[in-house]
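A.B. asks: starting from these lines, generate the structure:
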Amino acid sequence: MAATIAILEDNQGRIQAMEQCLNDSFPAWEHIFFNNAPEAIAWFKEHLHQCILISLDHDLGPSWERNGQPFDPGIGRDVVNYLVTQTPQCPVILHTANSEAEIGMEMALVAAHWTVERVIPISPLDAPENGAWIQNEWAGAIAKLLKSTVNKLKRKGSNALEANGDIPPPLTPPCSRMIIVLDDSSHCEKIIREQLQEVFPAWSSVCFKDSIELMAWLSSNTPRFSRLNRAKTIVVLEDNSKRLELMRLHINELFPDWSSVFFDTAPDAIAWLSDNLAKCDLISLDYNLGTSWTRQEKFFDPGTGKDVVDYLATKPPQCPIIFHTSRRQAEISMEMSLIDTDWIFDRVCHHNDLKWIETRWIELVKLLLHPIANQELTLADIPFSMARWRLLNLFALTFDGYRVWESPQACIEVGDRCAEKYFRKGILPSSLTELRTALLVARNYWRHYDSEPDEETMVFLRAMVECIREKVRAGEID
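C.D. replies: All right, here's what the predicted structure looks like:
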């Protein structure tokens, strides 16, 4: 399948100049032009996988008449809004003079991990020298991005990128719950990207059009399939396809040593956890999983995140839990189920714009998956003693006390003993490990009840943080 450069542009003069530029300077690559957003989006839904580069204008002119009916050509942002829902496939050039619109397009694409380059048209649409920026800045950006893309594919070991512009097999990484389709029909890709992802949002999917590509992909990903059985797993309960895809992208990129398992129903998650809970290093749960539907001609209730929490409450704590839900009362009800347990948890409130995934959720995932050992602790990691509870709360989570003491019970006993000694005699723990243990245990107590510590406890917490800072400064990392 030939790799294609797709361009959204409505000005005929620019189109002619761009097409001449592509024919002269990039003859190895096919190209296709669109003068309106709806047709571009329709084409991308079936052919995005074959794009090697995309170039987008923003302003596409007023509505016009088509087949006797008014037709709205849309704007470049409409195409961007579609692209950000898809796995990044290739670089994108934004060639628009509308600077305010360009900023919004660029921010949306970058947030969704697309590579973006901006080219500013430096002459009016009707100017005689209109093509100068196309031959120089635009062509230069294309050359740079194509070279970078080809080099990346070569580094990944792809041998399918030939001089004629054929693109390699799909780059989708394997995961624990995956649908693999072998089908050469023209509608296969559309089914994958629309119908399968709509019906099974928690499953990753990939389509191959011939068996050679499939076998090559399976062969190159054999080590990754082997890692899926290791005891390092991130479990996510989420039914929204956009949130799922963005979470999956972040996990695959930032935590390659962990396998990830996604579920969009509570019964499926509980069934998996009942056999694999010991493999989990992190669990992240939404609450609302949508309405009931029919599965295998039977009524099926997807349940809620609370169902999973109720199951976990019956088990010894294995790993931290994140509650990522916008429903505050629902999140409180999930936390209440864990009050009498030793599970460690925290929350992230999600919003419709998805920025919370990158700015808050993924940062909490990093913190919980990468605790800081004593010998790695620096002064920059430690908040000042007068910091607010939110920062003290997060700093306490940098210590993996349950593993250090080899059990939750042993960790809690040490923490309780240190707190009792302080409140009775005013004596702080003597070692860095005990200080961090007492901080974590005190944090967990107050976090379980979803309230900030009282004034007396805050004095205790801040005294421990200051003592931790002094020991790190002195190199006392016992």
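
A.B. asks: what's the residue nearest to Asn98 when sequence neighbours are not counted in contact with, if anything?
C.D. replies: With CB to CB, 6 or more residues apart in numbering as the measure, His58 is the residue that lies nearest to Asn98, at 4.7 Å, once sequence neighbours are left out. Every C-beta, even on glycine, is put in place using the N, C-alpha and C of the backbone. With contacts defined as CB atoms under 8 Å, 6 or more residues apart in numbering, the neighbours of His58 are 75-77, 94, 96, 98, 101-102, 105.

A.B. asks: among the residues you listed, which are in strands?
C.D. replies: Taking DSSP state E as the definition of strands, the contacts of His58 contribute Leu94.

A.B. asks: out of the contacts of His58, which are inside helices?
C.D. replies: Applying DSSP state H to the contacts of His58, the entries found in helices are 76-77, 101-102, 105.

A.B. asks: now for those residues, which pair is the farthest apart?
C.D. replies: Farthest apart among the ones in helices among the contacts of His58 by CB to CB are Arg77 and Glu102. That separation is 9.6 Å.

A.B. asks: care to break the chain down by domain?
C.D. replies: Domain assignment for the chain, taken from automatic domain parsing, gives 4-155, 178-224, 230-370, 372-478.

A.B. asks: sorry, back to before: output the ones in helices among the contacts of His58 in JSON lines; the columns should cover pLDDT and distance to Ser292.
C.D. replies: What follows is the ones in helices among the contacts of His58, written out as JSON lines (pLDDT from 0 to 100; distance: CB to CB, whole Å):
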{"residue": "Gly76", "pLDDT": "94", "distance to Ser292": "40"}
{"residue": "Arg77", "pLDDT": "93", "distance to Ser292": "36"}
{"residue": "Ala101", "pLDDT": "85", "distance to Ser292": "42"}
{"residue": "Glu102", "pLDDT": "87", "distance to Ser292": "44"}
{"residue": "Met105", "pLDDT": "90", "distance to Ser292": "39"}
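
A.B. asks: any of these buried? List them.
C.D. replies: For the ones in helices among the contacts of His58, a burial check counting by 16 or more other CB atoms under 10 Å picks out 76-77, 101-102, 105.

A.B. asks: take those and write them to a markdown table, including distance to His370.
C.D. replies: Below are those laid out as a markdown table (distance: CB to CB, whole Å):
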| residue | distance to His370 |
| --- | --- |
| Gly76 | 39 |
| Arg77 | 37 |
| Ala101 | 39 |
| Glu102 | 36 |
| Met105 | 33 |
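
A.B. asks: between those residues, which sits nearest Ala278?
C.D. replies: Distance from Ala278 was checked for each of these by CB to CB. The minimum falls on Met105, at 45.4 Å.

A.B. asks: and the closest one, how far from Ala419?
C.D. replies: 53 Å (CB to CB, to the nearest Å).

A.B. asks: show me what counts as buried in stretch 444-458.
C.D. replies: In terms of neighbour count (16+ other CB under 10 Å), stretch 444-458 has its buried residues at 444, 446-448, 453, 457-458.

A.B. asks: what about the closest residue to His448 other than its chain neighbours, how many neighbours?
C.D. replies: Distance criterion CB to CB, 6+ apart; nearest residue to His448, sequence neighbours excluded, is Ile339 at 5.2 Å. The number of residues packed near Ile339 is 11, by other CB atoms under 10 Å.

A.B. asks: show me what contacts the closest residue to Asp78 other than its chain neighbours?
C.D. replies: In space, and not counting its chain neighbours, Asp78 is closest to Ala37: 3.9 Å by CB to CB, 6+ apart. Counting by CB under 8 Å, 6+ apart, Ala37 makes contact with 8, 60, 73-76, 78-79.

A.B. asks: hmm, which two among those are most spread apart?
C.D. replies: Spatial extent of the contacts of Ala37 (CB to CB) is set by the pair Pro73 and Val79 at 11.2 Å.

A.B. asks: state the mean pLDDT of the helix or strand harbouring Val308.
C.D. replies: Taking DSSP states H and E as the criterion, the element that holds Val308 is helix 305-312. Averaging pLDDT along helix 305-312 yields 95.

A.B. asks: of the buried residues of stretch 444-458, just say which sits nearest to Leu249.
C.D. replies: Nearest to Leu249 among the buried residues of stretch 444-458 is Arg447, at 29.1 Å by CB to CB.

A.B. asks: still on that earlier bit, spell out the secondary structure type for the residue nearest to His448.
C.D. replies: Recorded secondary structure, Ile339: coil (DSSP: H, G, I helix; E, B strand; the rest coil).

A.B. asks: let me see the backbone angles for it.
C.D. replies: Taking degrees, to the nearest 10, you get phi -60, psi -40 for the backbone angles of Ile339.
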